[in-house]
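Participant: Predicted model and sequence below, questions to follow.
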Amino acid sequence: MRPLVKDETNRAALFWTMVTFLIASPRLFEEGISLDPAIYSTLARNFAEQGGWRVGAGKYFFPDFTDHPYLFPWIQGFFFRLFGASDFTSRIPNLLMGSFTIFFLYRFLARNFGTKVATWFSVATMLTAPIVGRFATAYLEVTYFFFFAGSLDQFDVALKRLSWRPLLASAALFTAAFLTKGIALLPGLALLFWWGILSGEKRSTVVKTMGLWTGLTAVIGGAFLALQTSQSAYPFWSEYFHRAFFKRATQSKNLWMGEWLYLVLVFKLHTLHTLVAFAAWPSLNRRLFWFALGGFGLFAAANGLLGMQYHHYTYPALPFLNLLTVMGLMRFGLDGKISVERCRGFALGLGLALHVFWNLVPFPMRKKPFPDFFEFRPRMAAMKQAGLADLQGVGLTNTDWLYPAMSLWYWKLDTVEVHGEPLKPGAVLLERGADVVAFDERGFRRCAISTRYELWVSEFLWEPCFRATHPLKK
């Protein structure tokens, strides 16, 4: 097969982008988002409403957010400003960026390893639920890997023709990836340089491109850091780097155990692909093999170092595992039996069938979040209109910030944990089934019970709380 010209490659890349969007988009209309997306979406909504260089979630919960840089809340906040803040709009940015990650990776692979590799990689990724299933979710991994994939694609173009335009684009996209998740991008930096070595270009060209790219990236990134530092009274970058290099570095108590558990998690989430990937050795294409192995190893080592077994931490390593899977499939000769055209037909048919199945099946395809935050929304909104500023929490058993993150996103209310202090007039939330004798004695009345919580209110909030779901009959 003759190599694709540029326009044909772009059209094929857009086709696989569209198919991936089709497969990921049924989740767009789900009700409920999870913990991290609720935090990031709250940050974005606050930015959309207030603007400014300083981003926080609430008065008591993350008043200043220093875990990661702010580019994603700014992007998401832009969508909120245009379309309003909701579960639906919270999913749009990453659904678009996740899908277009395939566009950049297809171009890169087709340019260097041919259309068969690029096509089979797109099929393998399309069938990878831990990747595509996260597109319609506000996770930072989806955003920063989109920017990284674009940077890799443009870096490769610059290597081949030593042009300023792709070099500048690559530097800008890499800076955007850093401004999304900070030093988590260090494996990507190493991988870019690793690809420079594997690319097969002249050594002088590689060294020159890497030097120019490094200089441009440092200038663009340094300029933005200086701009944010000068415009904001809050010293974000000093706080962020201290947290990233010192606090997070101590989170893993056992380095080797963290790496091992990360690999076990990858195997659990991606079992079939992993088993096929073992067939990639000995390699049929050494450049592709060492690039894929380097990408998987670098991102796996960096994320395993944290010692946290969160599923979304596997996201940036899985595309490179899929490349090894493709090499395993080629060793079995599957690429010679199924044409590129049949792969496209299968992908489009699967995308359409998934949409029909997802929308017509009589049971939910995904586990719904805790219903409490939806059940209490009308009451919380009515009490806010009546002057309620904060909730008081008594004996709440939070699971990894679950309660405060969800309450801020769905109720726009912060919660003050009360430990033996006198309760103030207002609203009190407590675990269902807790001792409530003291509340009757302090003038509180129970307004509502949900799956996990009870809501008690003072006399001045009783009517708005009760009438929110029991309106007066005319």
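Facilitator: Noted; the coordinates are in hand.

Participant: Apart from its chain neighbours, what residue comes closest to the residue positioned nearest the centre of the chain?
Facilitator: Central residue of the chain (Cα atoms, centre = their mean): residue 139, 1.6 Å from the mean position. Nearest non-adjacent residue to residue 139, counting by Cβ to Cβ, 6 or more residues apart in numbering: residue 312, 4.8 Å away. C-betas here are computed from N, CA, C, even on glycine.

Participant: Contact partners for the one you found?
Facilitator: Contact analysis of residue 312 by Cβ atoms under 8 Å, 6 or more residues apart in numbering lists 36, 134, 137, 139, 141.

Participant: Most neighbours out of these, which is it?
Facilitator: Neighbour counts for these, by other Cβ atoms under 10 Å, peak at residue 141, which reaches 25 neighbours.

Participant: Wait, a helix at that residue?
Facilitator: Yes: under DSSP: H, G, I helix; E, B strand; the rest coil, residue 141 falls within a helix.

Participant: Surely it touches residue 315?
Facilitator: Yes: between residue 141 and residue 315 a contact is recorded at 4.0 Å, counting by Cβ atoms under 8 Å.

Participant: hang on, the earlier thing: now the residue nearest to the centre of the chain: how far from residue 313?
Facilitator: 10 Å (Cβ to Cβ, to the nearest Å).

Participant: How about residue 161?
Facilitator: Note on residue 161: its distance to residue 313, by Cβ to Cβ, is 36 Å.

Participant: Looking at those two, which one has more neighbours?
Facilitator: Each of residue 161 and residue 313 had its neighbours counted (other Cβ under 10 Å), and the higher figure belongs to residue 313 (21 against 11).

Participant: contacting residues around residue 330?
Facilitator: Residue 330 neighbours (Cβ under 8 Å, 6+ apart): 116, 117, 120, 284.

Participant: Can you flag the buried ones in those residues?
Facilitator: Applying 16 or more other Cβ atoms under 10 Å to these, the neighbour count classes 116, 117, 120 as buried.

Participant: Residue 233: which of these is nearest?
Facilitator: Ranked by distance to residue 233 (Cβ to Cβ), the buried ones among the contacts of residue 330 are led by residue 117 at 50.7 Å.

Participant: For that closest one, which non-adjacent residue is spatially closest?
Facilitator: Excluding its sequence neighbours, the residue lying closest to residue 117 (Cβ to Cβ, 6+ apart) is residue 109, at 5.3 Å.

Participant: which element is that neighbour on?
Facilitator: Per DSSP states H and E: residue 109 is located in helix 87-113.

Participant: mean confidence for that helix?
Facilitator: Taken as a whole, helix 87-113 has a mean pLDDT of 96.

Participant: List the buried residues in it.
Facilitator: Applying 16+ other Cβ under 10 Å to helix 87-113 flags 87, 89-113 as buried.

Participant: Could you list every helix and strand in contact with that helix?
Facilitator: Counting contacts by 3 or more Cβ pairs under 8 Å, 6 or more residues apart in numbering; DSSP states H and E, helix 87-113 packs against helix 6-24, helix 35-50, helix 71-83, helix 115-126, helix 140-161, helix 286-304.

Participant: at 7 Å what do you get?
Facilitator: With contacts defined as 3 or more Cβ pairs under 7 Å, 6 or more residues apart in numbering; DSSP states H and E, helix 87-113 has these neighbours: helix 6-24, helix 71-83, helix 115-126, helix 140-161.

Participant: Many thanks, have a good one.
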